[in-house]
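> I would like the atomic coordinates for the input below:
(chains A, B, C and D, ligands or ions: 2)
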Amino acid sequence: MTRPPLPPNPDPVLNVPLTEELIRRHGLLDEEMARIRELLGREPTLTELGIFSVMWSEHCSYKNSKPLLRLFPLEKAETGDGPGRILVKAGEENAGVIDIGGGWAVAFKIESHNHPSAVEPFEGAATGVGGIIRDIFTMGARPILVTNSLRFGELDDPTVKRLFRGVVAGIAHYGNCIGLPNLGGDVYFDDSYEGNPLVNALCLGVLRHDEIKRGAASGVGNPVYYVGAATGRDGLGGASFASRELSEESQADRPAVQKGDPFMEKLLLEACLEMMAVPGLVVGIQDMGAAGLTCSACETAARGGAGIEIELDQVPQRETGMNSYEIMLSESQERMLVIVQKGREAEVEAIFEKWDLHAAHVGQVTDTGRMVVLQGGSPVADIPARGLTDEAPVYQRETRRPAYLDEVQRWDPASLPAPAAADLETALPKLLGHPTIASKAWVYRQYDHMVRASTVVAPGSDAGVVRIDCGEAGDRYLAVVNDGNGRYCALNPRRGGQIVVAEAMRNLVCTGARPLAVTDNLNFGNPYKPEVFYLMAEAVAGMAEACRAFDTPVTGGNVSLYNESPRGAIDPTPVVGAVGLLEDPAHLTPSHAGRAGLTLVLIGGFPFELGGSQYLKIIHGLKTGDAPSIDLEIEKTQNTFLLDRIAAGDVAAAHDLSEGGLLVAAAEMVFGADGVGVSLDLTAADGPRADALLYGESQGRILLATTPEKTAGLIQAAAAAGVSAQVIGETTGDGRLEVRLPGGSKGLGWSVDELHRAWSGAIEQAMHRPGIRS
Amino acid sequence: MSWPTVKIHVFVTPKKTVLDPQGEAVGHALHSLGWSDLRQVRVGKFIELEVDAGEEKNLDDRIDQYCRDLLSNPVIEDYRWEIASR
Amino acid sequence: MSWPTVKIHVFVTPKKTVLDPQGEAVGHALHSLGWSDLRQVRVGKFIELEVDAGEEKNLDDRIDQYCRDLLSNPVIEDYRWEIASR
Amino acid sequence: MKAAVLQFPGSNCDQDALAALRDGLGIEAGYRWHKETTLGDFDLVVVPGGFSYGDYLRCGAIARFSPIMKAVVAFAERGGKVLGICNGFQILCEAGLLPGALIVNDCLEYRCLTPHLRVEEAGPLFNPASLGPLLRLPIGHGEGNYRIAPEGLAELKANGQVLFRYADAAGRVTEAANPNGSIDNIAGIRNRAGNVFGMMPHPDRAFAAYHPSQDGLAVFRSLLELPAPAHA
Ligand SMILES: Nc1ncnc2c1ncn2[C@@H]1O[C@H](COP(=O)(O)OP(=O)(O)O)[C@@H](O)[C@H]1O
Ligand SMILES: [Mg+2]
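Residues are numbered from 1 along each chain as shown, chains lettered A, B, ... in the order given. Ligands and ions are numbered 1, 2, ... in the order given. Okay, the predicted model is just below:
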């Protein structure tokens, strides 16, 4: 079917012919152009070309990652109506929603802002936080916390310091100003991220089941409102070059970075929640994130099976002379699209007036199934809405196993010289003092982690815990954690993917929480490189296996590709955010054993391996070996066992073993408790290498502290449950970490205070600026 | 012996197309205080530097470089500077 | 009909007697970049206002008042302003 | 007992303050919106923390001109008790109800932690006898660096207007214990008349069993002249 062309655009600049060059620079393939012409029945206008280009980009369409995302479980296998039931599935809406009991639910999701943060760390990270908060309140949920996952190059590089400082300050600025506590996250420093830092932010909100809002347009004739900040030329991003080159203005005047206004977002948040609380007022609502007005308009229309018509002259604009291309593609922050019940416009307008915000009536819902964009009353774009969303292309990318995998996985620890006792001793403070392992207090003391007065466990433990006030249904205690070791994924993507999920579960269980669900952010390189895509496919498969094993469905997430610097792709870095519920606040378990006289029990035994460890990296400068071993069935059994023992009151503290292995975990358990030390007797742990025993990172291991009276019962219960558990030492009052090794050798010892100093001061010192008190 | 000092004024302003939340907030406040003829406000930084007048040669280049590298953020800000007094 | 606009520049600076942590930090950073002749740095604000030139009469008083009440805090800051263009 | 909690559009500790008063102390409390021009009948007005109007220019600079603040000034002039917490403290300084000003922390960063505070002999309400010599209350601010001219400082001290000072665990007022560079480690002050109080630390984040301390309750109690609970 052929359709007549649209009338000329009011801005002559947009009426140029679509040359090969223009099409190529919009990132559209020939086959995609053919599809566009078919969908439209005519040649697209330049505005339409821009619209297709952003909607069919990886960011909005997931055209390369969709087949992989289908591997994730979207619902719990074990059905029932207890907490954990999925109320809104991944992919359906802006964020997934899960039941937490008593008629209440949480919405949570993680999102990346990697590339903007590389260009302008402060604003890039800040607007990343702003974006994910909007995804949560657009669901009708009140945001109650944020977390973040960060990856940078090695911290001795001045550029890395600048990025790190800027990113942390940006996250702090936005979250603190809005008033959301930051409950944790993770930070790794590794060469692989030099030039391409990762900034992933998670937000979680709370709502009642009957408050869930949809991003769908329905009801022909219902008015469409644009609320929040005015549209400027910000963040015209990847697709902007066309209009940038076409108009005369200099590139310098059109930065690709957006700047956030957290105060504006706070107003928008409150006004939207107030509006959504009025029954029947809001028909549909969606934030304007990536691809701004374009994405929110066509997605709401497609979800509602409707059409939408908007008049650009009604869109609040910050600058004069913006053309349709610019308005449709602008990524100005702090804006939402709202479909209002016809006849109730005045109620909505009154609420936005109360909060001193724009609420502009920009259009209405139609029954045409098309997204029609008008300017001065005449159409500048007219596209079938579903053509932009559900019918976007999907590709099965080619995969090829990278050759280096065989080589690293063949690596034999025996190729390292056997460590002398002195080497074993000097290694520990070095490990504790590496920024990846060291205390992250420098980061989280810049984040308000106490606002809302609901923080039960602040950053610094295995998982953050927040109290949720569920009104009549009483309080709920929710734990949240981020994990994502990219080094393991680089060495063995399938296993690495499993570990990412398993570690998150272990962290939740250590605080006493039963895991419910996860959200994930897939940070990878260029998907058109078969080796990169292989790593991604394998990592996702591993994550999916683990999610099924733990029965923790994926409620949503985000994909960030093309994370590459001139030196190549980053380590494949899937990051998960996981949430769990404490059945009883009494189950809250610290990761800290703050007193002498407790027995230390190791769950998970002493496998001897070093692959992928921080020890290999920091002490030997090696990035090799297979990723540490993991057995999902064993982990599951252990997690259940641990939760049972916590419920029985047998566990004084629990801390999982992760980067740095056994001694790092043991030291961290007593840091900050005046005069408390640890004595470990590892004489029974016979194996080939003492360094692997002390610093290997085998998975599925947890260090528990319990009282001497409860020790025997705990060990018995473990035997009954088929869980490997052994007493390996105790906490002492002498302020020393002492270790006896197999083979009757002399043993190792450190002052806990000195270790603590190495650990707590590392990032602090690296980030110190002369003349400024820290 | 003490050199006379040179005073340099540096002006750092948000780029024209970049959102200026500070300027908008001030504009809003001034409006509600009754300044209805106010059209636009932009808020930037004003930095006063005092240097010994001794080393003169590359002063201009030097200031320029510091403005770019340290005093402003070229991604979102413009700068200009002037010698206020010698 | 549209009025021509008046551009006003307002300079707000930390009082000499008040601690200026930002200025000190910038001073240190410039020193360590090698600017050894730098004596002092103070970081303040630079505010650009644009008003319709229509109402003229009390403009000076008006600007003065807003500088005192809103744009600066007299406990810690000084201000001055100038008409940059009409 | 009745307390009002002001709400500016960017307040974000308003709910915390209300919860501390209602759930922590068990007294009646309600919100007052910034656009209102009258206050009503209250024993205490709390100006809560947050970022009143975004606070990009200077913390509290714009809030000071909001309609409700005229009523608050009048209330204070009649002798009503006003407590400013964090951003509320900044607003009260900007409004001239308290002397001095709060500037950016000397570390140039936001600080969220739970320092010790030494209680000074600050009058009948705030004193070591009613509060104990040492408290722990959370802080969370980027601009809590209290500044006042030397004469003003001398006056504060002479009149016993300093409520708390940042201290170490042993109660020593040291430079290392100062999280933001405040002059003389000052964390909170009162006006000369003794009815307007401002503090950077958050008593509204220190009342529940799971908070890092419950010392906030004692602070509110002393201010409202409520007796300490019998079992304490
Ligand atoms: N890695 C992923 N795993 C599971 N679901 C995902 C993933 N990435 C994206 N999704 C889902 O796809 C949908 C669209 O995502 P996205 O475009 O990021 O949302 P938004 O437009 O709100 O930013 C969301 O429901 C999201 O949760
Ligand atoms: Mg969204």
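
> hey, let's count contacts and neighbours off CA atoms from now on
Noted.

> Next, the residue of the stretch 601-750 of chain A found nearest chain D: secondary structure please.
For the stretch 601-750 of chain A and chain D, the shortest gap (C-alpha to the nearest C-alpha) falls at residue A:674, measuring 12.6 Å. Under DSSP: H, G, I helix; E, B strand; the rest coil, residue A:674 falls in the coil class.

> cool, and residue D:32?
strand.

> What's opposite it in the beta bridge?
residue D:6 (DSSP bridges).

> Identify the residues contacting it.
D:4, D:5, D:6, D:7, D:39, D:68 (C-alpha atoms under 8 Å, 6 or more residues apart in numbering or on different chains).

> where does chain A dip in pLDDT?
A:1, A:236-256 (pLDDT under 70).

> Give me the domain ranges for it.
A:81-212+A:439-588, A:214-389, A:397-431+A:589-768 (automatic domain parsing).

> Pull the number of nearby residues for the residue of the stretch 601-750 of chain A closest to chain D.
14 (other C-alpha atoms under 10 Å in any protein chain shown).

> same check, this time on residue A:409
16.

> Quick check, it in contact with residue A:491.
Yes - counting by C-alpha atoms under 8 Å, residue A:409 touches residue A:491, with 7.0 Å between them.

> List the residues that are in contact with both of the two.
Taking C-alpha under 8 Å, 6+ apart as the contact rule, residue A:409 and residue A:491 both touch A:624, A:625, A:626, A:627.

> taking the residues you listed one by one, which sit in strands?
Among the shared contacts of residue A:409 and residue A:491, DSSP state E puts none in strands.

> Check these and tell me the two furthest apart.
Spatial extent of these (C-alpha to C-alpha) is set by the pair A:624 and A:627 at 8.5 Å.

> where along chain D do the strands fall?
Under DSSP E, chain D gives strands at D:2-7, D:28-33, D:44-47, D:81-85, D:101-103, D:111-113, D:116-119, D:134-136, D:139-141, D:145-147, D:162-167, D:186-190, D:196-199.

> Mind checking those strands for the one nearest to residue A:178?
Nearest to residue A:178, of these and by C-alpha to C-alpha, is strand D:139-141 at 12.9 Å.

> Give me the distance between the closest residue to chain C within chain D and ligand 2.
Distances between chain D and chain C by C-alpha to the nearest C-alpha are smallest at residue D:106, namely 5.4 Å. Distance, residue D:106 to ligand 2, using C-alpha to the ion, to the nearest Å: 38 Å.

> contacting residues for that residue?
A:772, A:773, C:21, D:145, D:180, D:181.

> rerun at 6 Å
Applying C-alpha atoms under 6 Å, 6 or more residues apart in numbering or on different chains, we find residue D:106 in contact with C:21, D:180, D:181.

> how about the first one, what does it touch?
Residues counted as contacts of residue C:21 (C-alpha under 6 Å, 6+ apart) are residue D:106.

> how near is it to residue A:447?
Distance, residue C:21 to residue A:447, by C-alpha to C-alpha, to the nearest Å: 20 Å.

> Next: residue A:715.
Distance from residue A:715 to residue A:447, by C-alpha to C-alpha: 40 Å.

> quick one, which of those two is more surrounded?
The residue with more neighbours, out of residue A:715 and residue A:447, is residue A:447; 33 against 18, by other C-alpha under 10 Å.

> Do I have it right that the more buried one meets residue A:174?
No - at 9.6 Å, residue A:447 and residue A:174 do not qualify as touching, with contact defined as C-alpha atoms under 6 Å.

> where's the residue positioned nearest the centre of chain A, which helix or strand?
What sits nearest the mean C-alpha location of chain A, by C-alpha atoms, centre = their mean, is residue A:110, with 3.6 Å. Here residue A:110 sits within strand A:104-112, counting by DSSP states H and E.

> again, but for residue A:638
helix A:632-647.

> heading toward the C-terminus, what's the first helix or strand past that helix?
strand A:653-656.

> now chain B, which segments are flagged as low pLDDT?
Within chain B, the ranges that satisfy pLDDT under 70 run B:1-3, B:55-56.

> So in it, which strand runs the longest?
For chain B, the longest strand by residue count, based on DSSP E, is strand B:38-52.
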